[in-house]
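Q: Take this sequence and fold it.
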Amino acid sequence: MESSVATLPRADGIACFTRLYLSVTQGVQERLAGVTFADPGFLARLDVAFADLFFSALEAAKSNPSQMPHAWAPIVESRSTRGIAPLQFALAGMSAHINRDLPIALVATCTELGIDLEEGSPQHSDYVHVNGVLAEVEAKVKAQYVTGWLIRIDRLVHRIHRLDDVVAMWSVDRARDAAWVSAEALWALRDEPELSARFLDALDRTVGLTARGLLVPADSWLHGSAARSPG
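A: Next up, the predicted model:
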């Protein structure tokens with residue numbers, strides 16, 4: 001992740017998400033140092049499978065855009081669009097990665113390790129424990145993005161603050177709870193490949209629509225005012 005960010009412009013949408021992802025990952029690792037889990041091997045393998053899906057989406061964006069997941073398409077397509085705040089890119093990326101990628105990673109990890117994916121299992125308990133730590137770290141890192149000229153303009157010109165609305169739309173712990181439920185559905189459908197593929201396609205497209213909502217330019221009010229001005 002560090003090497004991929006180093007080669008991108010700072011304002012690039014993928015770079016904005018990757019910086020958040022990297023900061024949150026490092027913060028969680030620090031908080032969880034010394035914590036005992038019921039199945040640390042499950043969490044370690046899940047982390048790898050999860051990250052690999054992000055790198056696969058990036059590779060598809062570069063080499064075969066038609067194979068890029070719908071969840072990631074809005075971020076890739078608008079990564080250079082002016083007026084979208086770094087926080088918006090960061091949260092849209094988190095939405096795509098958690099709501100679409102995490103269920104797939106959970107099913108793949110449980111399949112590989114021969115574990116039943118079910119609520120109340122030791123693995124689910126470990127997963128929920130990480131949720132709380134992740135939410136706390138993500139909130140602190142996210143606050144670093146709500147700075148600079150855009151937030152000051154937002155406070156001045158929007159009666160309802162646009163970036164506040166973006167923040168309110170996103171909750172990492174609720175997203176991870178939903179991801180577990182989506183994974184349970186995929187797990188239940190693992191012997192129905194056609195239906196499973198249709199479910200995943202619907203999930204992928206729905207997450208993509210959410211990303212488009214998160215990526216409405218934060219300065220669109222200013223653009224609209226300029227377009228309406230007689231000058």
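
Q: Could you list the low-pLDDT ranges of this structure?
A: Counting by pLDDT under 70, the chain contains low-confidence ranges at 1-2, 4-6, 142-170, 218-231.

Q: Contact partners for the most centrally placed residue in the chain?
A: Centroid-nearest residue in the chain: M94, 1.4 Å away (criterion: CA atoms, centre = their mean). Listed by CB atoms under 8 Å, 6 or more residues apart in numbering, the contact set of M94 reads F17, L20, Y21, E138, W170, V172, A175. For every residue, glycine as well, the C-beta is placed using N, CA and C.

Q: how far is stretch 95-106 from where the chain is centred?
A: Relative to the chain's own centre, stretch 95-106 is displaced by 8 Å; criterion: CA atoms, centre = their mean, to the nearest Å.

Q: End to end on that stretch, go ahead and measure it.
A: Distance across stretch 95-106, first residue to last, is 16 Å (CA to CA, to the nearest Å).

Q: OK, contacts around G27?
A: Neighbours of G27 in contact, by CB under 8 Å, 6+ apart: V137, K140, V141.

Q: Let's see the PyMOL selection covering just the buried ones among these.
A: In PyMOL syntax, the buried subset of those is picked out as below (16 or more other CB atoms under 10 Å):
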select buried, resi 137+141
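
Q: what's the burial count for L209?
A: The tally of other residues near L209 (other CB atoms under 10 Å) stands at 12.

Q: Quickly find the element holding it.
A: helix 193-214 (DSSP states H and E).
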